[in-house]
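In: I would like the atomic coordinates for the input below:
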Amino acid sequence: MFETLGQRLGSIFDRLKGRGVLSEADVTDALREIRIALLEADVALPVVRDFIAKVKERATGQEVIRSITPGQMVVKIVHDQLVEVLGSTAEKPEEEVFGLNLRATPPVVILMVGLQGSGKTTSTAKIANRLATKHKKKVLMASLDIYRPAAQEQLAILGRQLDIPTLAITAEKSVITIAKNALAEAKKSGHDILLLDSAGRLAIDEAMMAEISLVKKATNPTEILFVADAMTGQDAVNTATAFHQALGITGIVLTRIDGDARGGAALSMLAVTGQPIKLLGTGEKPADIEEFDSQRMAGRILGMGDIVSLVEKASEMVSQEDALKLAEKFQKGNFDLDDYLGQLRQMRKMGGMNGLMGMLPGVAKVKKQMAEAQVDDRQLLHQEAIIQSMTPKERRDWKILNAKRRLRIAAGSGTTVAEINRLLKQFQEISTMMKKMRGMQQSGALQRMMPGMNRALGVNPMMGGNPLAGMPPLPQLPPQKKR
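Out: You can find the predicted model right below:
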């Protein structure tokens, strides 16, 4: 979502960091460019004015002028201000689960509001799925949309797919009665959470607001979440303001942030409404929703990566037991193409090559080169097809792949012999690298190399940029007995 803005800011900062000394004129010129970049990203004008004023106040002070690396200091100031604009990540209370305030007597009611087409129903199902599977909450969903054809059936289908109960569909035409019935059912069945998916409209109208206000009065929701499509830009901010004035929303869910939106809505939401972005819809799958974190988002915008999210995704996809088995194979030299196929599939589940690369520090700068070299997720699919065209024996021992076998595999997978050769070379390099990393970890050499790795990646430790700081250590194996 922030790719264009990130590229613009990155080029500005590169020029600043390339100078040994910064004058006030240099900083002023850079801030003028930052202002233009933010406006082009569809950030609200009052937000931009306040942002630039606060950055300028700090960036033109003695703290920057006398700094050993003034360019880096300006980047840090902009980063800190971005975190503030997006909403400082405060210490969360124990009762808060997945960014949601659940401090109420069960069933805790969460009311989803927003315009039609913003993604309320799918977001309702995603939140319910996350709370049920990851946090072991007993969740009931109910659709209050009696206007859109098959809206209630859509939520019921999602409920069946995710094995989450929904309120039975009846001929009832009173939204308030449906809401009361849902609350009574949740209490009767001992549910922890009740998610109410309200009806949307193509535009805000008085009847819509009056109806939702009555639902709020009847159910007393702990959370009122405004669902906004990130693709709608400033319209989403204006709509959120209207809902907040009428209902008093408690948080915002931004959907479709994986699209090509300019990102201005996200940067304007908190400043304009006073309410935080709590959740982000990152894709179409039920698991594609994550808790919003201002530190991580600011890091993504400025090209510093998001190692924490990368580690979280990896830990969700790979169990400790599987990681240990894989580590044993690496140590014994038994890592084969079947194992490599499993790694390719996990990579695709975690967002593909582009999704993962976007979370690594400094990689944003080479995205253009990656695109020109046609490095994309299709290569992962091609590699999967190549391995699947091999016999079990060939996957276990790639060294038997002579010219005749490679021609057969190329024909079976719809690829070329050159692509097969490239895959095998990559497989060998990864096997060798992992053996070396394990040896370095056991000897402590990996930790000693970190300062040099920071310099090579262009990471500034002052800004929390250690690229491996959040990564879990490779599973520890018992020492092998000497023969």
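In: contacts, neighbours, all on C-alpha from now
Out: Noted.
In: Could I get the contacting residues of the closest residue to V113 other than its chain neighbours?
Out: Here the nearest residue to V113 in space, its sequence neighbours aside, is F226; by Cα to Cα, 6 or more residues apart in numbering that works out to 5.0 Å. For F226, the set of contacting residues under the criterion of Cα atoms under 8 Å, 6 or more residues apart in numbering consists of 112-114, 240, 243, 249, 251-253.
In: Tabulate these (a markdown table), appending distance to R378.
Out: What follows is the contacts of F226, written out as a markdown table (distance: Cα to Cα, whole Å):
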| residue | distance to R378 |
| --- | --- |
| M112 | 37 |
| V113 | 37 |
| G114 | 36 |
| A240 | 38 |
| F243 | 42 |
| I249 | 42 |
| G251 | 37 |
| I252 | 34 |
| V253 | 31 |
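In: quick revisit: now do the SS call for the residue nearest to V113.
Out: Using DSSP: H, G, I helix; E, B strand; the rest coil as the criterion, the local structure at F226 reads strand.
In: could I get the contacts of F226 as TSV with neighbour count?
Out: Output for these, formatted as TSV (neighbours: other Cα atoms under 10 Å):
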residue	neighbour count
M112	27
V113	28
G114	27
A240	26
F243	21
I249	23
G251	24
I252	26
V253	28
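In: Now compare those residues and name the two farthest from each other.
Out: Considering Cα to Cα, no two members of the contacts of F226 lie farther apart than F243 and V253, which are separated by 13.3 Å.
In: Just the contacts of F226: which are in helices?
Out: Judged by DSSP state H, the subset of those located in helices is 240, 243.
In: Which parts of the stretch 151-300 of the chain are helices?
Out: For the stretch 151-300 of the chain, applying DSSP state H, counting those that start in this stretch gives helices covering 151-162, 175-189, 206-219, 234-247, 264-273, 294-301.
In: Show me which of those helices has the highest average neighbour count.
Out: Highest mean neighbour count of the helices of the stretch 151-300 of the chain: helix 264-273, a mean of 24 (counted as mean count of other Cα atoms under 10 Å).
In: Break down the chain into its strands, ranges please.
Out: Under the criterion DSSP state E, the chain contains strands at 96-97, 100-101, 108-113, 139-143, 193-197, 223-229, 251-255, 277-281, 289-291.
In: what does the domain assignment say about the protein?
Out: Taking automatic domain parsing as the domain assignment, the record places the domains of the chain at 3-86, 96-301, 307-463.
In: Same list (the ones you listed) but as CSV, adding mean pLDDT.
Out: Below are these laid out as CSV (pLDDT from 0 to 100):
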stretch, mean pLDDT
domain 3-86, 75
domain 96-301, 87
domain 307-463, 67
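In: Please identify the deepest-packed of those.
Out: Each of the domains of the chain was given a mean neighbour count from mean count of other Cα under 10 Å, and the largest, a mean of 19, is that of domain 96-301.
In: before we move on, back to that, wait, which of the helices of the stretch 151-300 of the chain is closest to R408?
Out: Each of the helices of the stretch 151-300 of the chain has some distance to R408 by Cα to Cα; the shortest is helix 151-162, at 40.2 Å.
In: For that closest one, name the packing helices and strands.
Out: Where contact means 3 or more Cα pairs under 8 Å, 6 or more residues apart in numbering; DSSP states H and E, helix 151-162 is packed against helix 120-133, strand 139-143.
In: Make a markdown table out of these and add distance to F98.
Out: Supplementary listing: the helices and strands packed on helix 151-162 in a markdown table, determined by distance: least, Cα to Cα, whole Å:
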| stretch | distance to F98 |
| --- | --- |
| helix 120-133 | 7 |
| strand 139-143 | 14 |
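In: closest to Q295 out of those?
Out: helix 120-133 (22.1 Å).
In: Compute the inter-axis angle for that closest one and strand 108-113.
Out: Orientation note: helix 120-133 sits at an angle of 160 degrees relative to strand 108-113 (axes from the mean of the first three to the mean of the last three Cα atoms, to 10 degrees).
In: what's in contact with helix 120-133?
Out: Under the contact criterion Cα under 8 Å, 6+ apart, helix 120-133 has outside partners 97-98, 112-114, 137-141, 154-155, 158-159, 162, 164, 195-198, 227, 255, 281, 286-289.
In: and if you look at stretch 23-31?
Out: Contacts of stretch 23-31 from elsewhere in the structure, counted by Cα under 8 Å, 6+ apart, are 12, 16, 52, 56, 59-60, 65.
In: Please apply the same query to stretch 397-409.
Out: Outside stretch 397-409, the residues that reach it (Cα under 8 Å, 6+ apart) are 336-337, 386, 389-390, 394, 416-417, 420, 424.
In: May I have it as PDB, with CA atoms only?
Out: Taking only C-alpha atoms (Å, rounded to 0.1, in the frame of the first residue of the first chain), the coordinates of stretch 397-409 have been written out as PDB:
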ATOM      1  CA  ASP A 397      19.200 -37.800  -4.900                       C
ATOM      2  CA  TRP A 398      19.500 -35.000  -7.400                       C
ATOM      3  CA  LYS A 399      22.900 -36.200  -8.600                       C
ATOM      4  CA  ILE A 400      21.300 -38.900 -10.800                       C
ATOM      5  CA  LEU A 401      19.700 -36.200 -12.900                       C
ATOM      6  CA  ASN A 402      21.500 -36.700 -16.200                       C
ATOM      7  CA  ALA A 403      20.700 -34.900 -19.400                       C
ATOM      8  CA  LYS A 404      18.000 -37.400 -20.500                       C
ATOM      9  CA  ARG A 405      16.200 -37.100 -17.100                       C
ATOM     10  CA  ARG A 406      16.400 -33.300 -17.200                       C
ATOM     11  CA  LEU A 407      14.800 -33.200 -20.700                       C
ATOM     12  CA  ARG A 408      12.000 -35.500 -19.400                       C
ATOM     13  CA  ILE A 409      11.400 -33.300 -16.300                       C
END
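In: any idea how far L195 is from T222?
Out: The gap separating L195 from T222 is 11 Å, by Cα to Cα, to the nearest Å.
In: Could you tell me which residues touch both of the two?
Out: Here L195 and T222 have 109-110 as joint contacts, going by Cα under 8 Å, 6+ apart.
In: contacting residues for V48?
Out: In this structure, V48 makes contact with 35, 38-39, judged by Cα under 8 Å, 6+ apart.
In: Please render the residues you listed as a markdown table that adds distance to A182 to the earlier fields.
Out: Compiled in a markdown table, those are given as follows (distance: Cα to Cα, whole Å):
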| residue | distance to A182 |
| --- | --- |
| R35 | 48 |
| L38 | 44 |
| L39 | 44 |
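In: picking that back up, may I see the helices of the stretch 151-300 of the chain arranged in a markdown table, with distance to A125 as well?
Out: Putting the helices of the stretch 151-300 of the chain into a markdown table (distance: least, Cα to Cα, whole Å) gives the following:
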| stretch | distance to A125 |
| --- | --- |
| helix 151-162 | 7 |
| helix 175-189 | 16 |
| helix 206-219 | 20 |
| helix 234-247 | 21 |
| helix 264-273 | 22 |
| helix 294-301 | 24 |
